[in-house]
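Participant: Compute the structure for the input listed below.
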Amino acid sequence: MKRSRIGLSFIALAAAGALALSGCSSNSGSGAAGDGIIIANGTEPQNALIPTNINEVGGGKIADNIFSGLIHYTETGAAENDMAESIETTDSKTFTIKIKPDAKFSDGTQVKAENFVKAWNYGAALDNAQLNSYFFEDIEGFSWDENVEELSGLKVVDDTTFTVTLNQPAADFPIRLGYTAFSPLPDVAFEDMEAFGQAPIGNGPYKLASDKAWAHDEQIELVKNEDYSGTREVQNNGLTIKFYSTLDAAYADLLAGNLDVLDEIPDTQYANYESDLGDRAVSQPAALNQTFTIPASLEHFSGEEGKLRRQAISMAIDREQITEKIFDGTRTPAVDFTSPVIDGWNDELAGEEVLEFNPEEAKKLWAEADKISPWSGTFEIAYNGDANHQAWVDAVTNGIKNNLGIEAAGKVYPKFDVLREEVTNRTIGAAFRTGWQADYPGLFNFLGPIFGTNAGANDGDYSNPEFDALLKKGSTAADVEDANAAFNSAQEILLQDLPAIPLWYQNVNGGYSEKVDNVNFGWNSVPLYYEITKK
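Facilitator: Reported below is the predicted structural model:
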């Protein structure tokens with residue numbers, strides 16, 4: 001895989017300078033033919049469609065199309081205003097945000113400053129137990145110790161203006177604001193949040209076709225939102241996302257013309273999908289990585305014993321062979337916890353040799369761990385069977401079994417949301433497959449939300465004060481070089497502790513049917529559905 005970098009120089013702006021993200025218009029295109037509805041693949045969301053409680057791709061793919069934040073990211077990862085008219089600061093601590101006066105929700109009500117403030121307060125309040133509460137941690141008034149219903153750092157100035165005051169300067173704060181968690185919510189959401197999440201009213205380029213549009217475990221039907229006034233101008237009449245039980249079924253539908261765009265090719269088709277699809281095959285770098293997480297609570301995996309076992313397991317995996325034999329070269333062995341397409345990526349971190357295949361050293365480390373506490377049982381990696389995981393899990397566990405001389409096996413769950421429920425509830429009882437599709441193009445996004453203490457996606461419950469301190473140092477740095485240096489120093493701690501085992505970087509490998517044109521995949525591997533036209 002070509003290791004290209006697609007990044008933003010946003011953080012490099014001087015902290016003392018005024019900041020304003022200017023919007024630009026999207027590309028125009030021809031109208032849709034026939035019904036004009038784009039059919040895409042997806043998975044059943046884990047949770048109701050509340051932006052502050054979505055941290056997995058099934059729900060994220062939908063929410064990103066029915067909600068719009070202050071900014072959004074273009075195909076290359078550049079930031080441009082969406083609901084924001086301007087975002088300004090003189091000190092990178094207090095930000096004045098003006099939203100577009102013509103912004104509306106899909107029910108025709110105005111998007112006001114208070115809709116952002118109320119939504120962020122809801123997401124930050126501990127009593128609401130939102131998975132993305134971590135993203136509001138930097139705002140003044142946030143607390144991990146007590147419920148705070150209204151953050152002191154959020155102030156409504158008027159209908160189209162609000163201010164955000166952070167605990168300390170964070171030059172990259174505006175770049176985060178394109179993430180789903182920072183979307184606004186209409187007033188009606190707060191009347192019954194649970195019911196709202198089943199049929200949400202958003203402010204994005206699409207809206208639900210009806211209040212019954214989400215047929216659980218089957219599909220969700222979205223149509224063009226005529227009230228949307230942002231920059232993602234929709235070139236089709238709607239988007240139906242079908243929830244497939246297997247990627248093989250989705251690929252068969254693509255070949256049969258029953259699916260318009262597929263964002264992941266099943267591993268059984270890697271060798272032939274390019275010949276099957278011709279110039280409709282897609283393969284390009286994206287901000288994706290694959291890992292598996294070993295929970296801190298798992299027996300034999302805490303303290304010094306746990307560190308030795310994690311390192312041994314990592315060095316027992318032949319990443320080069322797996323990426324070549326199973327993924328046909330569509331993956332590249334990982335040397336860190338982020339992605340080569342992100343600005344600041346470094347392939348020369350201290351300690352990265354723990355990610356190299358070294359069965360002799362792996363056996364030695366495992367034996368040292370046995371001296372602390374003898375191993376017993378089977379090492380399992382849990383995964384969902386509705387995506388491309390069985391082949392690599394089998395290969396990884398076979399490598400662990402053969403190179404460490406222990407029992408190791410996969411633990412399959414039928415669907416992604418079922419797996420995620422046990423991960424979220426901490427009942428999984430095994431290591432489990434993880435990975436990250438970037439929320440915004442920055443190194444911090446691959447580190448803070450996943451490994452920061454109490455972070456929403458910290459499914460392994462990792463905590464290291466030294467790591468947290470380096471995250472904070474990077475977040476408050478005045479320029480991009482200093483920020484990335486701190487983040488990469490934080491990664492060197494992760495390479496010692498290995499709360500998750502990095503496996504490989506992932507290309508986006510997809511394709512589309514003969515029925516559509518203007519199909520482009522973004523920097524984070526997600527198709528730009530709004531640009532697609534139906535023939």
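Participant: drop to CA atoms for contacts and neighbour counts, all remaining ones
Facilitator: Noted.
Participant: What's the end-to-end length of stretch 40-59?
Facilitator: Start-to-end span of stretch 40-59 (C-alpha to C-alpha, to the nearest Å) is 14 Å.
Participant: Now do the helices in the protein.
Facilitator: For the chain, the helices defined by DSSP state H occupy 57-66, 113-124, 173-176, 193-198, 247-256, 273-277, 303-315, 319-325, 359-372, 390-404, 416-425, 443-451, 465-475, 480-497.
Participant: contacts for the last one?
Facilitator: Applying C-alpha atoms under 8 Å, 6 or more residues apart in numbering, the contact partners of helix 480-497 are 9-12, 307, 310-311, 336-337, 344, 346, 349-352, 354, 443-444, 447, 466-468, 470-471, 473-477.
Participant: coming back round to it: kindly reformat the helices of the chain as JSON lines containing mean pLDDT.
Facilitator: Supplementary listing: the helices of the chain in JSON lines, determined by pLDDT from 0 to 100:
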{"stretch": "helix 57-66", "mean pLDDT": "94"}
{"stretch": "helix 113-124", "mean pLDDT": "98"}
{"stretch": "helix 173-176", "mean pLDDT": "89"}
{"stretch": "helix 193-198", "mean pLDDT": "96"}
{"stretch": "helix 247-256", "mean pLDDT": "96"}
{"stretch": "helix 273-277", "mean pLDDT": "96"}
{"stretch": "helix 303-315", "mean pLDDT": "97"}
{"stretch": "helix 319-325", "mean pLDDT": "95"}
{"stretch": "helix 359-372", "mean pLDDT": "98"}
{"stretch": "helix 390-404", "mean pLDDT": "97"}
{"stretch": "helix 416-425", "mean pLDDT": "93"}
{"stretch": "helix 443-451", "mean pLDDT": "94"}
{"stretch": "helix 465-475", "mean pLDDT": "94"}
{"stretch": "helix 480-497", "mean pLDDT": "95"}
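Participant: Output these in TSV, with distance to Tyr73 and mean neighbour count appended to each entry.
Facilitator: Formatted as TSV, the helices of the chain follow (distance: least, C-alpha to C-alpha, whole Å; neighbours: other C-alpha atoms under 10 Å):
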stretch	distance to Tyr73	mean neighbour count
helix 57-66	11	22
helix 113-124	19	23
helix 173-176	9	21
helix 193-198	24	16
helix 247-256	27	18
helix 273-277	28	16
helix 303-315	34	22
helix 319-325	29	18
helix 359-372	42	18
helix 390-404	31	20
helix 416-425	26	17
helix 443-451	14	23
helix 465-475	20	19
helix 480-497	19	21
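Participant: and Tyr530, which of the ones you listed is closest to it?
Facilitator: helix 57-66 (8.4 Å; C-alpha to C-alpha).
Participant: Give me the helices and strands touching that closest one, please.
Facilitator: When contacts are defined as 3 or more C-alpha pairs under 8 Å, 6 or more residues apart in numbering; DSSP states H and E, helix 57-66 sits against strand 206-208.
Participant: go again using 10 Å as the cut-off
Facilitator: Contact here means 3 or more C-alpha pairs under 10 Å, 6 or more residues apart in numbering; DSSP states H and E; on that basis helix 57-66 packs against strand 37-42, strand 206-208, strand 219-224, strand 238-243, helix 416-425.
Participant: Count the residues that sit near the closest residue to Thr163 other than its chain neighbours.
Facilitator: Once flanking residues are discounted, Thr163 sits nearest to Thr96: 4.6 Å by C-alpha to C-alpha, 6 or more residues apart in numbering. Neighbour count for Thr96, taken as other C-alpha atoms under 10 Å: 18.
Participant: ditto for Thr52
Facilitator: Thr52 has 26 neighbouring residues, counting by other C-alpha under 10 Å.
Participant: related to what we said a few turns ago, would you list the helices and strands packed on helix 57-66 in TSV and tack on distance to Gly230?
Facilitator: Compiled in TSV, these are given as follows (distance: least, C-alpha to C-alpha, whole Å):
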stretch	distance to Gly230
strand 37-42	20
strand 206-208	11
strand 219-224	13
strand 238-243	17
helix 416-425	31
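Participant: Just give the closest residue to Ala79, not the sequence neighbours.
Facilitator: Tyr73 is the one closest to Ala79 (C-alpha to C-alpha, 6+ apart), at 4.7 Å.
Participant: and the one you found, what does it touch?
Facilitator: 79-82, 175, 177-179, 439-441, 522-524 (C-alpha atoms under 10 Å, 6 or more residues apart in numbering).
Participant: and the residue at the greatest distance from the centre of the chain, what does it touch?
Facilitator: Distance from the centre of the chain peaks at Lys371, with 39.0 Å (C-alpha atoms, centre = their mean). For Lys371, the contacting residues are Glu305, by C-alpha under 10 Å, 6+ apart.
Participant: Next, work out how far apart it and Gly306 are.
Facilitator: Taking C-alpha to C-alpha, one finds Lys371 at 12 Å from Gly306.
Participant: Okay, Trp214 and Asn203: tell me how far apart.
Facilitator: Look at Trp214 and Asn203: by C-alpha to C-alpha, they are 17 Å apart.
Participant: So the two - more neighbours on which side?
Facilitator: More crowded of Trp214 and Asn203, by other C-alpha under 10 Å: Asn203, with 31 against 19.
Participant: burial of the residue nearest to that one when sequence neighbours are not counted, as a residue count?
Facilitator: Of all residues not flanking Asn203 in the chain, Phe105 sits nearest, at 4.2 Å (C-alpha to C-alpha, 6+ apart). By the measure other C-alpha under 10 Å, the count of residues near Phe105 is 25.
Participant: Report the contact partners of Ile515.
Facilitator: Ile isn't right for residue 515; it's Lys. Going by C-alpha under 10 Å, 6+ apart, Lys515 touches 33, 38, 257-261, 533-535.
Participant: Tell me the one of the residues you listed nearest Leu154?
Facilitator: For the contacts of Lys515, with Leu154 as the reference and C-alpha to C-alpha as the criterion, the closest is Ile38, at 38.7 Å.
Participant: Verify the stated contact: the closest one with Leu262.
Facilitator: No - here Ile38 lies out of contact with Leu262, judged by C-alpha atoms under 10 Å, at a distance of 11.1 Å.
Participant: thinking again about what came up before, confirm for me that the residue nearest to Asn203 is in contact with Val111.
Facilitator: Yes - here Phe105 lies in contact with Val111, judged by C-alpha under 10 Å, at a distance of 6.1 Å.
Participant: Give me the common contacts of those two.
Facilitator: Residues touching both Phe105 and Val111 by C-alpha under 10 Å, 6+ apart: 184-186, 202-203.
Participant: Adding pLDDT and distance to Lys325, write these out as CSV.
Facilitator: CSV is the format used below for these (pLDDT from 0 to 100; distance: C-alpha to C-alpha, whole Å):
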residue, pLDDT, distance to Lys325
Pro184, 98, 45
Leu185, 98, 46
Pro186, 98, 49
Gly202, 97, 44
Asn203, 97, 44
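Participant: If you rank the residues you listed by neighbours, which is first?
Facilitator: Within the shared contacts of Phe105 and Val111, most neighbours by other C-alpha under 10 Å means Asn203, with 31 neighbours.
Participant: and the gap between that residue and Ala40?
Facilitator: Asn203 is 21 Å from Ala40, by C-alpha to C-alpha.
Participant: do the same with Pro295
Facilitator: To Ala40, Pro295 is 34 Å away according to C-alpha to C-alpha.
Participant: where are the low-confidence patches of this structure?
Facilitator: Scanning the chain for pLDDT under 70 picks out the ranges 1-34.
Participant: Quick check, central residue of it?
Facilitator: Central residue of the chain (C-alpha atoms, centre = their mean): Gln437, at 3.6 Å.
Participant: was I right about that one contacting Tyr179?
Facilitator: No - contact between Gln437 and Tyr179 fails when scored by C-alpha under 10 Å: they sit 11.7 Å apart.
Participant: Compare the helices of the chain and report which one is nearest to Asn384.
Facilitator: Among these, the nearest to Asn384 by C-alpha to C-alpha is helix 416-425 (5.1 Å).
Participant: so that closest one versus helix 57-66, what angle?
Facilitator: Interaxial angle, helix 416-425 versus helix 57-66 (axes from the mean of the first three to the mean of the last three C-alpha atoms, to 10 degrees): 100 degrees.
Participant: and helix 416-425, what does it pack onto?
Facilitator: helix 57-66, strand 378-384, strand 407-413, strand 431-437.
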